[in-house]
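Undergrad: Sequence below, structure please.
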Amino acid sequence: MADSGNAFVEIAHGIARVTFSHPKSNSLPGELLGDLAREFQSLAKASDVRVIVLQSEGGSTFCAGASFDEFKAIRSPTDGREFFSGFARLILAIIRCPQFVLCRVHGKAAGGGIGMIAACDYVFALETAAIRLSELALGIGPFIVGPVIERRVGTGAFAGMAIDTEWRDAAWCERHSLFSRIFDTTHAMDAVLNATATRLANSNPNAMARMKKMFWSGTEHWETLLFERASLSGELVLSDYTRRAIEAFTARA
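TA: Below is the predicted model of the structure:
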């Protein structure tokens, strides 16, 4: 696919940097979701990697969420389930790898991009990095990313995000523990991120792996739940209501 986006990994001094990009605001088509999940699954087994940094390229957008082009191309519940399962596989790959995953959020995030952020263990963000859980506005719902976002921000905050679909600023995200720290400049953010990654790369990997397992204790049933949710989204995306909502949304974009 010409516009499937890219994902690549650089490893140095015990730090793996996973960088993704897509020409349409770093959106996530199925192929890119699969590439990212496989990268995390591979890094989970890498003995020379002690901490992982997830980041994206580009200017004002960290991740626009699911690819609208692939939304519109879905023609059957099976196709829909497979596409949405890409988000399930990526979330599971991030939370199951034994290394801490640090996330660098330099811009806005929507939909599935928020789920990816919530799956990380520690998040650095610019104060201009707003988020929007936009699924209901598209005629579906945040079913797959819901469990990981709710675990991070709490049930009440998640319900509010899911219902009103409005933008929330970085200060809100920090108050509700989606963002761990926010910064006013990229330089300041990267300085602290790099120092943190270096410190963790020199920490006890066994201790960090045990902490990571503790952080995500109680999510074992997600191996089934997230794929059940993918089936639900795969059915909803085929409805006439959702088709019209997506067309209207893309026309305004």
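Undergrad: quick one: pLDDT of residue 1?
TA: According to the predicted model, the pLDDT of residue 1 comes to 41.
Undergrad: my bad, residue 94
TA: pLDDT recorded at residue 94 is 98.
Undergrad: quick thing: my sequence starts at 523, can you match it?
TA: Sure, I'll start counting at 523 from here, so that last one is residue 616.
Undergrad: For it, which non-adjacent residue is spatially closest?
TA: Excluding the flanking residues, the one nearest residue 616 by Cβ to Cβ, 6 or more residues apart in numbering is residue 641, at 4.1 Å. Using the backbone N, CA and C atoms, a C-beta is placed for each residue, glycine as well.
Undergrad: Now do the SS call for residue 760.
TA: Using DSSP: H, G, I helix; E, B strand; the rest coil, the structure places residue 760 in coil.
Undergrad: Would you mind measuring from it to residue 621?
TA: The gap separating residue 760 from residue 621 is 38 Å, by Cβ to Cβ, to the nearest Å.
Undergrad: Give me the more crowded residue out of these two.
TA: Counting neighbours by other Cβ atoms under 10 Å for residue 760 and for residue 621 shows that residue 621 has the greater number, 24 against 14.
Undergrad: That one reaches residue 572, doesn't it?
TA: Yes - with contact defined as Cβ atoms under 8 Å, residue 621 reaches residue 572; the gap is 6.1 Å.
Undergrad: Find residues that contact each of those two.
TA: Each of 727, 730 lies in contact with both residue 621 and residue 572 under the rule Cβ atoms under 8 Å, 6 or more residues apart in numbering.
Undergrad: Check which residues of the host helix or strand of residue 606 are buried.
TA: Per DSSP states H and E, residue 606 falls inside helix 599-618. Counting neighbours by 16 or more other Cβ atoms under 10 Å, one finds that the buried residues in helix 599-618 are 599, 601-603, 605-618.
Undergrad: lowest-pLDDT helix or strand in this protein?
TA: Sorted by mean pLDDT, DSSP states H and E, the helices and strands of the chain end with helix 762-774, the least confident at a mean of 80.
Undergrad: neighbouring contacts of it?
TA: Here helix 762-774 has contacts from 590, 593-594, 659-662, 758, using Cβ under 8 Å, 6+ apart.
Undergrad: Could you export it as CSV, keeping only the C-alpha atoms?
TA: Taking C-alpha atoms only, helix 762-774 is exported to CSV below (Å, rounded to 0.1, in the frame of the first residue of the first chain):
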residue,chain,number,x,y,z
ASP,A,762,-25.4,3.3,7.4
TYR,A,763,-25.2,5.8,10.3
THR,A,764,-21.5,5.2,10.6
ARG,A,765,-20.9,5.4,6.9
ARG,A,766,-22.6,8.8,6.8
ALA,A,767,-20.8,10.0,9.9
ILE,A,768,-17.4,9.1,8.5
GLU,A,769,-18.1,10.8,5.1
ALA,A,770,-19.3,13.9,6.9
PHE,A,771,-16.2,13.9,9.2
THR,A,772,-13.7,13.5,6.4
ALA,A,773,-15.4,16.2,4.4
ARG,A,774,-14.8,18.6,7.3
